[in-house]
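>>> Pasting a predicted model and its sequence here:
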Amino acid sequence: MPRTPLERLLGILKALAAIAAGLAIGLGIGAAAGALGGDDDGDGSTTTQAATTATGTATAADRPDADATVDPREIPLADGVRVRLVRATFEAATTKRGRERRRARVAVVVRLRNGGTTALDAFPAGPLARLRLVAGDDRVQPDPRAVEPAGPLAARVPAGRSVQGELRFETAGATTLALRDRETVAVRIGNRAVSLPLD
């Protein structure tokens with residue numbers, strides 16, 4: 001049975017209402033995605049961007065080396081050389097003259113790894129000669145004559161090898177008092193320093 005003009009008009013109005021409803025739904029989805037920082041890929045899917053924290057601190061996923069262990073007593077140098085300060089001991093002078101001058105000896109056990117490709121002279125002429133014992137404003141260099149306790153540190157260190165020995169620092173006067181009172185010592189090389197308890 002043919003449709004009357006009124007029925008055809010009602011059909012057109014229903015179709016227009018359906019189209020309008022569809023547009024409203026689409027606009028609502030787009031607005032929600034925009035509020036979430038979404039990005040319409042054009043294929044009907046929406047990609048949500050990760051929120052940035054207020055502190056700006058990178059997460060573990062942002063830093064591939066986040067799980068890498070950092071040794072606070074190790075100082076990296078040039079050409080793959082790494083110096084680890086193992087421990088430090090303090091020994092006051094026992095002779096009358098030594099006590100009068102407030103002399104003492106600080107021995108620092110040092111482990112050096114030569115990660116380079118060539119053999120290395122480490123001490124007394126080499127990177128370990130740059131070590132300094134820090135006490136207040138004083139900087140004390142290792143005793144270059146104390147080669148025997150340095151052991152393998154005073155020999156040529158082959159590439160890929162690690163050696164360990166003892167460097168000795170002689171102190172006197174106010175420097176000795178500062179070390180004794182603090183019971184700690186800072187050992188510096190270049191712009192890096194490590195603080196060690198004094199045994």
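Thanks, I have the structure now. Please read these numbers as outputs of a predicted model, since none were measured by experiment. Residues are numbered from 1 along each chain as shown.
>>> okay, CA-based contacts and neighbour counts for the rest of this
OK.
>>> what mean pLDDT does stretch 166-183 have?
Mean pLDDT, computed over stretch 166-183, is 92.
>>> Report the buried residues of it.
166-172, 175-180 (16 or more other CA atoms under 10 Å).
>>> Could I have the CA atoms of it written out in PDB?
The C-alpha atoms that make up stretch 166-183 are tabulated as PDB, following Å, rounded to 0.1, in the frame of the first residue of the first chain:
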ATOM      1  CA  GLU A 166      97.700  -0.400  50.200                       C
ATOM      2  CA  LEU A 167      98.500   3.300  49.800                       C
ATOM      3  CA  ARG A 168      99.900   5.100  52.800                       C
ATOM      4  CA  PHE A 169      99.400   8.700  53.800                       C
ATOM      5  CA  GLU A 170     101.500  10.400  56.500                       C
ATOM      6  CA  THR A 171      99.800  13.200  58.500                       C
ATOM      7  CA  ALA A 172     100.800  15.500  61.300                       C
ATOM      8  CA  GLY A 173      99.500  18.400  63.500                       C
ATOM      9  CA  ALA A 174      96.000  19.700  62.900                       C
ATOM     10  CA  THR A 175      95.400  17.200  60.000                       C
ATOM     11  CA  THR A 176      95.900  14.300  62.400                       C
ATOM     12  CA  LEU A 177      93.600  15.800  65.000                       C
ATOM     13  CA  ALA A 178      90.900  16.400  62.400                       C
ATOM     14  CA  LEU A 179      91.000  12.800  61.200                       C
ATOM     15  CA  ARG A 180      91.000  11.500  64.800                       C
ATOM     16  CA  ASP A 181      88.100  13.600  65.900                       C
ATOM     17  CA  ARG A 182      85.900  12.800  62.800                       C
ATOM     18  CA  GLU A 183      86.700   9.100  62.700                       C
END
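>>> I'd like the buried residues of stretch 166-183 as CSV, with distance to Arg99 and secondary structure appended.
Formatted as CSV, these follow (distance: CA to CA, whole Å; DSSP: H, G, I helix; E, B strand; the rest coil):
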residue, distance to Arg99, secondary structure
Glu166, 24, strand
Leu167, 22, strand
Arg168, 18, strand
Phe169, 17, strand
Glu170, 13, strand
Thr171, 12, strand
Ala172, 9, coil
Thr175, 13, helix
Thr176, 11, helix
Leu177, 11, helix
Ala178, 15, helix
Leu179, 15, helix
Arg180, 13, helix
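>>> Okay, and the beta partners of Val108?
Under DSSP bridges, the beta-bridge partners of Val108 are Ala88, Leu167.
>>> Tell me, how many residues neighbour Asn114?
Asn114 sits with 23 neighbouring residues when counted by other CA atoms under 10 Å.
>>> Can you tell me the closest non-neighbouring residue to it?
Once flanking residues are discounted, Asn114 sits nearest to Val81: 4.7 Å by CA to CA, 6 or more residues apart in numbering.
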